[in-house]
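> Here is my input; please provide its structure:
(chains A and B)
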There are 2 protein chains.
Amino acid sequence: MSATTIRILEELMRSGGFRSGEELSSVLGSTRSAVWKHIRLLRQDGYDIEAVTGRGYRLTATPGYPDAIETGRFLQTSVLGQRIEHHRSVMSTNAQARKLAREGAPEGLVVTADAQTGGRGRMQRVWHSPPGVNLYFSIVLRPPVPPRVVPQIPLLAAAALHTALASVAGGVELRIKWPNDLLAGGRKLCGILCEMESEADMTHVVIVGIGVNVNLRALPPEIETVATSLLLETGREFSRPELLASILNAFEPLYRRWLEVQDLSPVFDYLEEYSWLRGKQVEVDQYGRRLKGVAAGISPTGELLLDMPDGSQTMVSSGETHLIPDNERT
Amino acid sequence: MSATTIRILEELMRSGGFRSGEELSSVLGSTRSAVWKHIRLLRQDGYDIEAVTGRGYRLTATPGYPDAIETGRFLQTSVLGQRIEHHRSVMSTNAQARKLAREGAPEGLVVTADAQTGGRGRMQRVWHSPPGVNLYFSIVLRPPVPPRVVPQIPLLAAAALHTALASVAGGVELRIKWPNDLLAGGRKLCGILCEMESEADMTHVVIVGIGVNVNLRALPPEIETVATSLLLETGREFSRPELLASILNAFEPLYRRWLEVQDLSPVFDYLEEYSWLRGKQVEVDQYGRRLKGVAAGISPTGELLLDMPDGSQTMVSSGETHLIPDNERT
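Coordinates of the predicted model:
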């Protein structure tokens, strides 16, 4: 969208009612036929704009893209999301954010997409990313911390996501599944893919990629038993820009406090309270090694604590966790 | 260099003596004038090739580039350096290795350069990288380890560098300066710049960049009091390909053992024996915080141990260390 098209859109949003072609053209310093051209572009982009002879143009509905204009109205942050680069379709928001970060993008830049053609979760798994319904975004962070504390960031983001989603979808039982998922009723609602580039002892950039299943009505068969969406859980639709802003609003203060302490104390109790794994028998795949035990909680630096069958306790710093079905328990 | 040019060079290297134009053209399945064209390309590249009517061609001197052909003759590794991409000039070997890694380059790929136009050390500092004299290379590693153990790799590489250099430059007092330099007589001889890309709990790629001042005769004024070269220390020249192979030969077995234990035990005693800082008063800049103390050694996971003035001991996981001059000691 060109800067002029965005100006027109902002004018229509600001006014709420009708703006005449003459007013719009004088604001932009362009002709009325140029204004008409931009109105057509906005309509092509999904904005419903009424045109009434003698009254002018009125915005009646937006496509609800999580872009800078629509999200900006709900943002209360000072850094996160102050710049948003929105794409109608992108391979993956994480890949795009990495690219921009390498070109020098500042902390707080957020890349959003209406659809992802190659969305990925952890372990290079596909993240189902159809257009128009979900939230796919990536935050560029440049924390002045050693890389060893960066694995705490997904848990920090999970706490922010939980806070934001709980406030809009009250009644849904949301749980945080160590180390990087949010579940509703035991099914995946959000995933977090945190990537970093660093020197051995200095973090250059962290990309926090987040996918939230928002208004998805139907799940592909291969994930319908394991995934869900806010709409499927609540029966109603949610505004993606508003949701994005809520998440960023929740994340920024947590991130700031975390930068000071560099441990999970700002969210520790929260993570424990809403833990999905706590008290359950789990199996962890860790670089080919399999550990079975009962999830006892997390350490202050984000490791999963496992009570082992022999009575000892093990700290697990990474890996994929699975619940052990009752009939497979030892 | 084209594959055919490399074949010609290999033929000349293998034979040691003269190979007739006829022999070379039959080996390559090409015409004698094509052979002549490749000979001219090799000469342009710095290879001295004698041409004697009736006898053919003979390689009398090579430019000593640390490329696949010249380095390969000295390699005893099975992975590291089995593929070498050599550049006459590149911005930085680390940047090129990162690029190749993103395109899927396998573990062990080594990028070398005769010169770097934008060579960098840690903290984005310039690494003086003139052509023809030094060794600049980057190793692509894909260790199946969590990112938190990756900061040990520069120390592992430092031990390998020390071993390799000590074996060729006996008599020079080489010391390892935590966390990433090799010093000779207190001056910088090698630097290590280790970069990684990872998920929060899974390492995708580690680039180990190494610069060795080899045959450098004159140092620029801004670094002449703090840097040195093997030639300046020993008075003799060294073969860069042979040196590169020695370093890779030393590194591979250490790296393999490290992958099994994921701590510094394979090189711990070595690092302590050749530590430059041990017992000295040092100041560490750590993300803007300054710590002063006496370097007491390193931990099994590579942190610097500092004996503090109040009798306590602190572990420093990252930062820049400086010796405190005698007249500034407290």
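> hey, which helix is longest across chain A?
In chain A, with assignment by DSSP state H, the single longest helix is helix A:240-261.
> what about residue A:31, distance to residue B:239?
Remark: distance between residue A:31 and residue B:239 (Cβ to Cβ, to the nearest Å) = 72 Å. Glycine gets a C-beta too; all of them are placed from N, C-alpha and C.
> what's the longest strand in chain A?
Assignment by DSSP state E gives strand A:187-199 as the longest strand of chain A.
> check whether it contacts chain B.
Yes. Interface with chain B: strand A:187-199 contributes A:193-199 (Cβ under 8 Å from any Cβ of the partner chain).
> which parts of the stretch 1-150 of chain A sit against chain B?
A:122-123, A:144-148, A:150.
> Any quick ChimeraX command for the buried ones out of those?
In ChimeraX syntax, the buried subset of the residues of the stretch 1-150 of chain A next to chain B is picked out as below (16 or more other Cβ atoms under 10 Å in any protein chain shown):
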select /A:122,145,146,147,148,150
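> Is it possible to get CSV of the residues of the stretch 1-150 of chain A next to chain B that adds distance to residue B:262 and secondary structure?
Putting those into CSV (distance: Cβ to Cβ, whole Å; DSSP: H, G, I helix; E, B strand; the rest coil) gives the following:
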residue, distance to residue B:262, secondary structure
A:122, 21, helix
A:123, 20, helix
A:144, 26, coil
A:145, 22, coil
A:146, 18, coil
A:147, 15, helix
A:148, 13, helix
A:150, 18, helix
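> Tell me where the model's unsure across chain A.
Low-confidence segments of chain A, defined by pLDDT under 70: A:123, A:287-288, A:318-320, A:325-330.
> where do the helices sit along it?
Under DSSP H, chain A gives helices at A:3-15, A:21-28, A:32-44, A:68-72, A:93-102, A:153-168, A:230-234, A:240-261, A:268-273.
> I'd like these as CSV, with mean neighbour count appended.
Formatted as CSV, the helices of chain A follow (neighbours: other Cβ atoms under 10 Å in any protein chain shown):
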stretch, mean neighbour count
helix A:3-15, 16
helix A:21-28, 16
helix A:32-44, 16
helix A:68-72, 19
helix A:93-102, 22
helix A:153-168, 23
helix A:230-234, 20
helix A:240-261, 20
helix A:268-273, 15
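> Can you say which of these is nearest to residue A:321?
helix A:153-168 (13.2 Å; Cβ to Cβ).
> Against residue B:281, how distant is the residue nearest to the spatial centre of chain A?
In chain A, the C-alpha nearest the mean C-alpha coordinate belongs to residue A:210, at 3.4 Å (Cα atoms, centre = their mean). For residue A:210, the distance to residue B:281 equals 47 Å [Cβ to Cβ].
> again, but for residue A:21
Distance, residue A:21 to residue B:281, using Cβ to Cβ: 76 Å.
> same deal with residue A:44?
Applying Cβ to Cβ, the value for residue A:44 to residue B:281 is 69 Å.
> do residue A:261 as well
Distance from residue A:261 to residue B:281, by Cβ to Cβ: 30 Å.
> and the gap between residue A:296 and chain B?
Applying Cβ to the nearest Cβ, to the nearest Å, the value for residue A:296 to chain B is 19 Å.
> likewise residue A:16?
Residue A:16 sits 43 Å away from chain B when distances are taken as Cβ to the nearest Cβ.
> which phi and psi does that residue have?
Main-chain dihedrals, residue A:16, degrees, to the nearest 10: phi 80, psi -40.
> circling back: export the longest strand of chain A to PDB, keeping only CA atoms.
Coordinates of the C-alpha atoms in strand A:187-199 are reproduced here as PDB (Å, rounded to 0.1, in the frame of the first residue of the first chain):
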ATOM      1  CA  ARG A 187      -5.400 -28.500  22.100                       C
ATOM      2  CA  LYS A 188      -2.900 -26.200  20.500                       C
ATOM      3  CA  LEU A 189      -4.100 -22.600  20.200                       C
ATOM      4  CA  CYS A 190      -0.800 -20.700  19.900                       C
ATOM      5  CA  GLY A 191       2.800 -21.700  19.100                       C
ATOM      6  CA  ILE A 192       5.900 -19.700  19.700                       C
ATOM      7  CA  LEU A 193       9.100 -20.100  17.600                       C
ATOM      8  CA  CYS A 194      11.900 -18.200  19.000                       C
ATOM      9  CA  GLU A 195      15.100 -17.900  17.000                       C
ATOM     10  CA  MET A 196      18.300 -16.100  17.700                       C
ATOM     11  CA  GLU A 197      21.500 -15.000  16.100                       C
ATOM     12  CA  SER A 198      24.500 -14.400  18.400                       C
ATOM     13  CA  GLU A 199      28.100 -14.500  19.000                       C
END
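> For residue A:75, give me its contacts.
The contact partners of residue A:75, by Cβ atoms under 8 Å, 6 or more residues apart in numbering or on different chains, come to A:81-82, A:245, A:248-249.
> 7 Å - rerun?
With contacts defined as Cβ atoms under 7 Å, 6 or more residues apart in numbering or on different chains, residue A:75 is in contact with A:81, A:245, A:248-249.
> farthest pair in the residues you listed?
Greatest spacing in the contacts of residue A:75, by Cβ to Cβ: A:81 and A:249 (8.6 Å).
> Please tell me I have it right and residue A:145 contacts residue A:262.
Yes. At 5.7 Å, residue A:145 and residue A:262 qualify as touching, with contact defined as Cβ atoms under 7 Å.
> burial of residue A:82, as a residue count?
16 (other Cβ atoms under 10 Å in any protein chain shown).
> Could you check how far it is from residue A:107?
Plainly put, residue A:82 is 10 Å away from residue A:107 if you go by Cβ to Cβ.
> Kind regards, and thank you for your time.
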